[in-house]
Every structure is written in C-alpha cells, then in structure tokens.
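Q: turn this into a model:
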Amino acid sequence: MAMNDPLKSGGLRKPYITMPGATGMPDMKDILASVPKEQEHRFESAGEFITRLAHRVTRWRESLPEDQIPVVLTFLPTGDVVEVVTVGEDGHSSVVIEGLVNDSPCMFISHQASLQILCYTREVEDEEEGEEPKKKRTIGFHVGGEEIEA
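A: This is a model prediction of the structure:
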C-alpha cells in the first residue's frame with residue numbers, strides 16, 4: 001500500500017460525495033445557525049432558573065395541607081442560612097436574594113451555578129385570639145420586570 005493511504009497513516013477516509021442529512025445525522029452548524037441567540041442560552045439563564053423554581057414552589061404549595069407553607073433556604077459560603085423572601089435575576093447568570101439571616105434582613109448576590117437551594121415546609125403559626133388572620137407568607141420571584149408570587 002502507498003504511504004498516502006489514509007488507513008495506514010491513521011487518518012480517516014473521506015466519502016466521495018457528501019450530502020447533508022444523507023447519513024441521518026443533522027448538520028449541527030445549520031441547526032445552531034437557525035436558533036435565535038436568546039433561545040440558545042435561555043435554559044442557562046438565571047431568569048429561566050428562577051421561573052422554574054417559582055413554578056415548582058407554586059405547584060408544591062397547592063399540594064400542601066392548609067396548615068403548611070413552603071420555605072426556601074439558600075446557603076452562604078460562610079455556612080450561614082438565608083431564609084428567602086424574594087429572589088430575582090441580576091443579568092443573565094446572577095441571582096439576587098433578599099431574605100433573613102438569624103432574623104436580620106440581608107441581600108445576597110450569587111452566580112446561579114454556585115447557588116444551593118433547600119425547600120421544606122413549616123407549620124403555619126396560629127393567630128392569637130382577637131388577632132386578624134395572618135396572610136400566608138409568599139415568596140416573591142422577580143423575572144424580566146414581573147413578579148411571580150409562590
């Protein structure tokens with residue numbers, strides 16, 4: 001065999017004719033070129049993350065008994081725990097959380113990739129006699145200038 005034989009030189013033999021899609025494999029360059037840039041990164045965005053979390057908490061709340069409410073926590077790198085009151089997007093990949101650390105108000109900004117979230121339920125506190133009924137605490141989710149309460 002000659003030295004320029006692709007099988008001997010470790011190369012791959014190219015087909016004589018190339019026809020996009022003929023092998024059943026779509027041309028990825030054509031597919032990616034047709035996807036709008038906004039949708040290409042939509043799944044990775046902080047807004048999409050927050051929207052999905054809001055819908056999950058909403059569906060979860062609907063399935064809870066009347067005396068239970070969802071609680072969302074996030075954890076700081078220091079080990080402190082933040083009880084989330086609101087969460088919003090801050091650009092494409094950052095998240096702003098307003099909440100409570102040891103009953104003190106705080107604001108925490110994080111890249112969504114390093115955010116750790118825990119959801120659990122808490123029993124609704126009973127009103128004292130003569131008090132007005134308490135509104136069930138909701139969590140605010142802010143995405144694209146709109147608020148989703150869950």
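Q: all contacts plus neighbour counts: C-alpha atoms, from now on.
A: Will do.
Q: the strands in this structure, which residues?
A: Per DSSP state E, the chain carries strands over the ranges 68-75, 81-90, 94-101, 104-111, 117-123, 140-143, 146-149.
Q: quick one, which of those strands is packed in tightest?
A: strand 81-90 (a mean of 22; mean count of other Cα atoms under 10 Å).
Q: sheet partners, orientation included, of that one?
A: Using DSSP bridges, strand 81-90 pairs in its sheet with strand 68-75 (antiparallel), strand 94-101 (antiparallel), strand 140-143 (parallel).
Q: tell me the mean pLDDT for the first one?
A: What it means is strand 68-75. Averaged across strand 68-75, pLDDT comes to 92.
Q: would a markdown table of the strands of the chain with distance to R56 be doable?
A: Formatted as a markdown table, the strands of the chain follow (distance: least, Cα to Cα, whole Å):
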| stretch | distance to R56 |
| --- | --- |
| strand 68-75 | 11 |
| strand 81-90 | 14 |
| strand 94-101 | 17 |
| strand 104-111 | 20 |
| strand 117-123 | 10 |
| strand 140-143 | 12 |
| strand 146-149 | 12 |
